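[1] structure for this input, please:
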Amino acid sequence: MSEDKFNIMLSGVGGQGLMLLSQTIGRACSNMDKKVITGEQHGLSQRSGSIYVHLRLGEDAHSPLIPYGEADLMVSLEGMEVLRNLEYLKPDGHIISSNRLMHHPIETNKVVQEEIHEYITIEDIVEKLEEFTKNIYMIDSLSLAKEAGNPRTENVVLLGTVAAISDFPLEKDVLKEVVKETVPEKTIEVNLKAFELGYKEGVKNG
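    This next block holds a predicted model:
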């Protein structure tokens, strides 16, 4: 990838803390004097709808939206949201995603009405993703967040996993400092633990 740019696509479901994840990365860029441009869609965030954020790092970033096929990294807090935005990933780009599935009400309704007989599984999703890239890291972020002490820290778990990518342009220590500055003071300790657990998981999947 070019040293002059790094494109990140964040996705998830309303209420999972995607905006905090975006803000943390953005502030880390500012602390490292890196140019960053963002484009957000979060109109459905109060209704558990799909949300996404485009993050474009580097001097070559001139517009907020990542062109199709140019995302170096996709980070998702929910498994299905990776598939919804897969067209943005570049060939053999990196995917870091929670293995958690939050089935949409439409899908649930189809099961109730017996129009379909089973939900999509994380294994189904990985099989489809492998048609585009082998760099797939499905993380049990909810279990790690609970281990840290708060299930709501899944977003920070994934941030820690991202920090373990060898060519990720932001330094681990800078990200940790921004986490401390961004989250409520009483949650700093648990968030830092979530970050470290995610980082160790990323190193393990290396």
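[2] excluding chain neighbours, what is closest to residue 80?
    Nearest residue to residue 80, sequence neighbours excluded (CB to CB, 6 or more residues apart in numbering): residue 101, at 6.3 Å. C-betas here are computed from N, CA, C, even on glycine.
[3] quick one: the helices in this structure?
    The residue ranges that make up the helices of the chain, judged by DSSP state H, are 18-31, 79-84, 105-112, 122-129, 141-148, 154-163, 172-182, 188-205.
[4] that older thread, tell me the contacts of the residue nearest to residue 80?
    78-80, 119-122 (CB atoms under 8 Å, 6 or more residues apart in numbering).
[5] filter those residues to the buried ones?
    Applying 16 or more other CB atoms under 10 Å to the contacts of residue 101, the neighbour count classes 78-80 as buried.
[6] closest to residue 194 among these?
    residue 78 (17.1 Å; CB to CB).
[7] mind checking how far the closest one is from residue 32?
    29 Å (CB to CB, to the nearest Å).
[8] re earlier: pLDDT-wise, what's the bottom of the contacts of residue 101?
    Across the contacts of residue 101, the bottom pLDDT score, 71, is held by residue 119.
[9] measure that residue to residue 71 for me?
    With distances defined as CB to CB, the gap from residue 119 to residue 71 amounts to 27 Å.
[10] which residue is nearest the centroid of this structure?
    When the chain is reduced to its mean C-alpha position, the closest residue under CA atoms, centre = their mean turns out to be residue 75, at 2.6 Å.
[11] flag the shaky bits of the chain, pLDDT-wise.
    Low-confidence segments of the chain (pLDDT under 70): 1-4, 41-48, 103-117, 206.
[12] let's see that with 50 instead.
    In the prediction, the chain carries residues with pLDDT under 50 at positions 1-2, 45.
[13] residues in contact with the nearest residue in space to residue 155 that is not next to it in sequence?
    The spatial neighbour of residue 155 that comes closest, neighbours along the chain excluded (CB to CB, 6+ apart), is residue 17 at 3.8 Å. Shown here is residue 17, whose contacts under the criterion CB under 8 Å, 6+ apart are 77, 152, 154-156.
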